[in-house]
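Predicted model and sequence follow; I will ask about them next.
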Amino acid sequence: MRLAVFSAKPYDRVFLDRAHLARNGNASSIKLTYHDFALTPSTVDLVSDADAVCVFVNDVLTAKVLEILASKGVRGVLLRCAGYNNVDLEAAERLGLSVANVPSYSPEAVAEYAVALIQTLNRKTHRAYNRVREGNFALDGLLGRTLHGKTVGIIGTGRIGISFARIMKGYGCTLYAFDPFHNKAFEEYGEYLELDDLLPRCDLVSLHCPLMEQTKHIINERTLGLMKDDAMLVNTSRGGLIDTNAVIAALKSKKLGGLALDVYEGEGKIFYNDHSGEIIDDDLLARLMTFPNVIISGHQAFFTVEALQEISECTLRNLEDLVKGRHCPNSLVKEGFTRLRRDSLPVRNV
């Protein structure tokens with residue numbers, strides 16, 4: 001079995017090779033080939049001698065890409081992430097391609113990072129750090145708020161959303177959640193509300209849902225208008241959940257009190273690479289970075305040792321399922337946050 005790994009960074013190689021050796025030993029019949037570039041319509045023709053491809057969040061698997069892969073004998077697509085919005089699943093089903101994601105890789109890693117962004121934005125620790133290094137110990141401009149007693153809204157209550165709820169409950173916050181599919185695990189932490197009822201009540205809103213047709217720009221001009229004045233918004237899920245133009249307008253009008261992003265809807269050509277010596281040709285991103293109450297990081301919420309270990313191990317388990325014929329074409333449902341049935345092996349639920 002030959003697996004072509006795209007968007008492979010040095011750490012991907014380290015953890016995949018380690019998991020491969022631990023799982024299969026030196027006598028493995030699996031061959032891993034690494035490519036540091038993304039799989040896109042312009043690079044798909046470079047695929048050769050691969051039974052499956054392994055991709056990440058910013059690889060682009062359109063119907064055209066999938067058709068070319070199928071014509072080259074590729075049998076499956078393995079995602080090193082939970083999200084699958086970058087894959088045309090209906091085309092994959094039509095072509096008989098199996099698709100498998102990593103449904104849960106240390107959900108606590110992402111939840112903990114969301115809290116780290118919240119506390120950094122709220123208590124301005126990033127600004128304090130820079131001040132002190134310059135010998136400035138003044139507190140003016142560093143005023144924050146106590147999270148204890150605040151009301152937190154969680155959009156999406158999958159594994160990460162529940163992990164986030166557990167942490168915020170520990171802070172002493174009141175929790176509300178919106179998700180078309182109610183998770184019993186959330187009941188001990190808070191109450192489900194409709195989105196329009198949740199937003200006006202919350203001092204902080206955190207996004208933990210997948211990106212799909214139903215959730216694209218779930219934060220937009222209308223929903224931002226429903227939020228409390230001076231509320232904070234945090235997104236560690238997918239950039240396309242937020243209408244960037246609308247959120248910039250809310251920041252300019254001072255409707256939104258703060259924004260913390262680990263994802264950005266235009267991140268595909270920017271994130272995961274060093275552009276420090278270049279001009280970044282993205283006016284919206286450049287505008288966001290001018291606000292003092294905005295924090296942006298480069299999609300690193302998942303980036304822990306434990307998460308990379310689980311991603312690598314689950315990816316190889318998915319490959320083994322493909323080799324042994326335990327995958328089947330995708331079965332789709334069209335409503336709600338959960339687009340894929342858990343009982344269809346190829347793509348497992350987030």
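Good, I have the coordinates.

Could I get the full set of helices for the stretch 101-250 of the chain?
Listed in chain order, the helices of the stretch 101-250 of the chain (DSSP state H, counting those that start in this stretch) span residues 107-123, 125-133, 159-170, 195-198, 221-226, 244-252.

Export those helices as a markdown table, with columns for mean neighbour count and mean pLDDT.
Heads up, the C-betas are built off the backbone N, CA and C, glycines and all. Formatted as a markdown table, the entries for these read as follows, by neighbours: other C-beta atoms under 10 Å; pLDDT from 0 to 100:
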| stretch | mean neighbour count | mean pLDDT |
| --- | --- | --- |
| helix 107-123 | 21 | 97 |
| helix 125-133 | 12 | 96 |
| helix 159-170 | 22 | 97 |
| helix 195-198 | 16 | 98 |
| helix 221-226 | 15 | 98 |
| helix 244-252 | 18 | 98 |
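
With residue 279 as the reference, name the closest of these.
The stretch from these with the least distance to residue 279 (C-beta to C-beta) is helix 244-252; that distance is 19.3 Å.

what sits against residue 277?
The contact partners of residue 277, taken as C-beta atoms under 8 Å, 6 or more residues apart in numbering, number zero.

Tell me the confidence at it?
In this model, residue 277 is scored at 91, pLDDT.

wait, is it part of a strand?
No. The assignment for residue 277 by DSSP: H, G, I helix; E, B strand; the rest coil gives coil, which leaves it out of any strand.

how close does it get to residue 286?
To residue 286, residue 277 is 16 Å away according to C-beta to C-beta, to the nearest Å.

coming back round to it: out of the helices of the stretch 101-250 of the chain, nearest to residue 316?
Using C-beta to C-beta as the criterion, the shortest distance between residue 316 and those is 19.6 Å, found for helix 107-123.

now for that closest one, which elements pack on it?
For helix 107-123, the elements it packs on are helix 159-170, strand 204-207, strand 231-235, strand 256-261, strand 294-296, judged by 3 or more C-beta pairs under 8 Å, 6 or more residues apart in numbering; DSSP states H and E.

Reformat these as a markdown table; add distance to residue 123.
Below are these laid out as a markdown table (distance: least, C-beta to C-beta, whole Å):
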| stretch | distance to residue 123 |
| --- | --- |
| helix 159-170 | 15 |
| strand 204-207 | 13 |
| strand 231-235 | 12 |
| strand 256-261 | 11 |
| strand 294-296 | 12 |
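
and residue 71, which of these is closest to it?
Between residue 71 and these, the shortest separation by C-beta to C-beta is 36.1 Å, and it involves helix 159-170.

Now residue 167: closest residue in space that isn't a chain neighbour?
Counting by C-beta to C-beta, 6 or more residues apart in numbering, residue 115 is the residue found nearest to residue 167 once chain neighbours are left out, at 5.4 Å.

Tell me who's in contact with the one you found.
164, 167, 168.

Need the nearest residue in space to residue 60, chain neighbours excluded.
Using C-beta to C-beta, 6+ apart, the nearest residue to residue 60 is residue 40, at 4.6 Å.

Please read the previous query as pertaining to residue 104.
residue 159 (5.0 Å).

Isn't that neighbour up against residue 105?
No. Taking C-beta atoms under 8 Å as the contact criterion, residue 159 and residue 105 are not neighbours in contact, 9.5 Å apart.

ok, back up a step: of the helices and strands packed on helix 107-123, which approaches residue 312 most closely?
Residue 312 lies closest, by C-beta to C-beta, to one member of those: helix 159-170, at 18.4 Å.

Report the backbone C-alpha coordinates of the closest one in PDB.
What follows is the C-alpha trace of helix 159-170 in PDB, where atoms were taken according to Å, rounded to 0.1, in the frame of the first residue of the first chain:
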ATOM      1  CA  ARG A 159     -16.100  16.600  21.600                       C
ATOM      2  CA  ILE A 160     -14.200  19.900  21.500                       C
ATOM      3  CA  GLY A 161     -17.300  21.900  22.500                       C
ATOM      4  CA  ILE A 162     -17.900  19.700  25.500                       C
ATOM      5  CA  SER A 163     -14.200  19.900  26.600                       C
ATOM      6  CA  PHE A 164     -14.500  23.700  26.300                       C
ATOM      7  CA  ALA A 165     -17.700  23.600  28.400                       C
ATOM      8  CA  ARG A 166     -16.000  21.600  31.100                       C
ATOM      9  CA  ILE A 167     -13.200  24.200  31.400                       C
ATOM     10  CA  MET A 168     -15.500  27.200  31.400                       C
ATOM     11  CA  LYS A 169     -17.800  25.600  34.000                       C
ATOM     12  CA  GLY A 170     -14.700  25.300  36.200                       C
END
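
From residue 216, how far off is the residue nearest to residue 104?
Using C-beta to C-beta, one obtains 22 Å as the distance from residue 159 to residue 216.

got a list of what residue 270 touches?
264, 280, 282, 285.

which residues touch the second one?
Under the criterion of C-beta under 8 Å, 6+ apart, the contact list for residue 280 reads 270, 286.

Next: the last one.
By C-beta under 8 Å, 6+ apart, the contact list for residue 285 reads 264, 266, 270, 296.

Tell me the buried residues within these.
Those of the contacts of residue 285 that meet the buried threshold are 264, 270, 296, by 16 or more other C-beta atoms under 10 Å.

returning to that earlier point: tell me which of the contacts of residue 285 is nearest to residue 130?
residue 296 (15.9 Å).

Angles on the backbone of residue 68, please.
When read as degrees, to the nearest 10, the backbone of residue 68 gives phi -70, psi -40.

before we move on, the earlier item: can you tell me how far the residue nearest to residue 104 is from residue 296?
Distance, residue 159 to residue 296, using C-beta to C-beta: 25 Å.
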